[in-house]
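Asker: structure, please.
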Amino acid sequence: MDVAASELAGYSRIYQLDIPVNADYNGNTPAYTVNSSGSAIAGGISRIAYYMELATATGRQWVWVSMNAYTQDLSKIGVPVGSTQWQQTLSSMNVYSNVASLVTGTNIATGNIEFWSNCYSTDNEIGIPGASQNSYDYGDNNNYGQSCYGSMQVSNYGAKQTLFAWNAWDTGSNDDLGIGNNSSGHPDWTFAYNAANYTVRNLEVWALPTNYVASSGVPEPVSAALVGLGLAGLGVSRRRAPDA
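Answerer: Predicted structure coming up:
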């Protein structure tokens, strides 16, 4: 299922990253292929979106999730290296995916985000409804040292689902990656160490200008042709993901 043109219209791509198998950023900026975070968007942004695509020799998975903007700082919506931390619920979340198990739809009110470089534990620090105290999922506790393990997760706690997760990007092990819940370990893929299983590991971050008006057309850098292609246009500049 491709994302509707009405969902993509007006978005600008802020970051694109070919996710390494074993990242250990230690507070340093990732080697983004696209990094437009230094270019201010006049009038600010109203929404932020994340697109993850993972592929193996036997198949491809993708998910797009957008939400009302939780910050206006474009430098804080990518990989949360260093002191950047986001641990909160999200409003008006739209989810599109080809993963059959994921709950898709628009205006979902039960989203939450866990972005940090810290180590973390299973206890449900901020009281996300339904989260486990004993398994790593959509409600964990990040009150530990920075640049220690790393979590970049968006979830739908109402459906008890991890929408996408990229963990262990701030430690010396292979990274954790997944779309949907992990069925054979912790639901949010913590300690999966499975990044090497994928030949494509694509992450993109998009933002919608506050002053975008659908009837006015699509502002740069998102072209009308891209919108017409729907999600198939995402990741067109993606290359084979590096092994390190």
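Asker: CA atoms for contacts and neighbours, from now on please.
Answerer: Will do.
Asker: show me the strands in this structure, by range?
Answerer: Taking DSSP state E as the test, the strands found in the chain are 12-18, 34-35, 45-56, 59-68, 86-90, 93-97, 105-108, 111-116, 151-156, 161-167, 176-179, 200-209.
Asker: show me what the fourth one is in contact with.
Answerer: Judged by Cα atoms under 8 Å, 6 or more residues apart in numbering, the contacts made with strand 59-68 from elsewhere in the structure are 3, 46-55, 90-99, 163-164, 179.
Asker: okay, now the sheet partners of it, with direction.
Answerer: Strand 59-68 has the following sheet partners, assigned by DSSP bridges: strand 45-56 (antiparallel), strand 93-97 (antiparallel).
Asker: in the first one, which residues are buried?
Answerer: Taking 16 or more other Cα atoms under 10 Å as the neighbour-count basis, strand 45-56 is seen to contain the buried residues 45-54.
Asker: what's the weakest-modelled helix or strand in the protein?
Answerer: One helix or strand of the chain scores below all others by mean pLDDT, DSSP states H and E: helix 224-229, with a mean of 38.
Asker: from residue 134, how far off is the spatially most central residue of the chain?
Answerer: Relative to the mean C-alpha position of the chain, the nearest C-alpha, by Cα atoms, centre = their mean, is the one of residue 50, at 4.4 Å. Residue 50 is 28 Å from residue 134, where distance means Cα to Cα, to the nearest Å.
Asker: low-confidence ranges in the chain?
Answerer: Applying pLDDT under 70 to the chain flags the ranges 1-2, 215-244.
Asker: please repeat the previous calculation with a cut-off of 90.
Answerer: 1-6, 145-146, 213-244 (pLDDT under 90).
Asker: now do the contacts for the residue nearest to residue 86 when sequence neighbours are not counted.
Answerer: Ranked by Cα to Cα, 6 or more residues apart in numbering and with sequence neighbours excluded, the top spatial neighbour of residue 86 is residue 115, at 4.9 Å. For residue 115, the contact set (Cα under 8 Å, 6+ apart) comprises 79-80, 84-87, 150-153.
Asker: list the beta-bridge partners for residue 204.
Answerer: Here residue 204, judged by DSSP bridges, has bridge partners residue 16, residue 51.
Asker: surely it and residue 50 touch.
Answerer: Yes. Residue 204 lies in contact with residue 50 (Cα atoms under 8 Å); the separation is 5.8 Å.
Asker: between the two ends of stretch 126-141, how far is it?
Answerer: End-to-end distance for stretch 126-141: 8 Å, by Cα to Cα.
Asker: quick one: buried residues of it?
Answerer: 128, 131-133, 135-141.
Asker: ok, and what's touching that stretch?
Answerer: Applying Cα under 8 Å, 6+ apart, the contact partners of stretch 126-141 are 88, 112-114, 120-125, 153-158, 160-162, 186-190.
Asker: for those residues, which PyMOL command selects only the ones that are buried?
Answerer: In PyMOL syntax, the buried subset of the contacts of stretch 126-141 is picked out as below (16+ other Cα under 10 Å):
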select buried, resi 112+113+114+120+121+122+123+124+153+154+155+156+157+158+160+161+162+186+187+188+189+190
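Asker: residue 69 - how many residues pack around it?
Answerer: Using other Cα atoms under 10 Å, residue 69 is surrounded by 20 other residues.
Asker: how about it, nearest residue that isn't a chain neighbour?
Answerer: Residue 69's closest residue in space is residue 47 (Cα to Cα, 6+ apart), at 4.3 Å.
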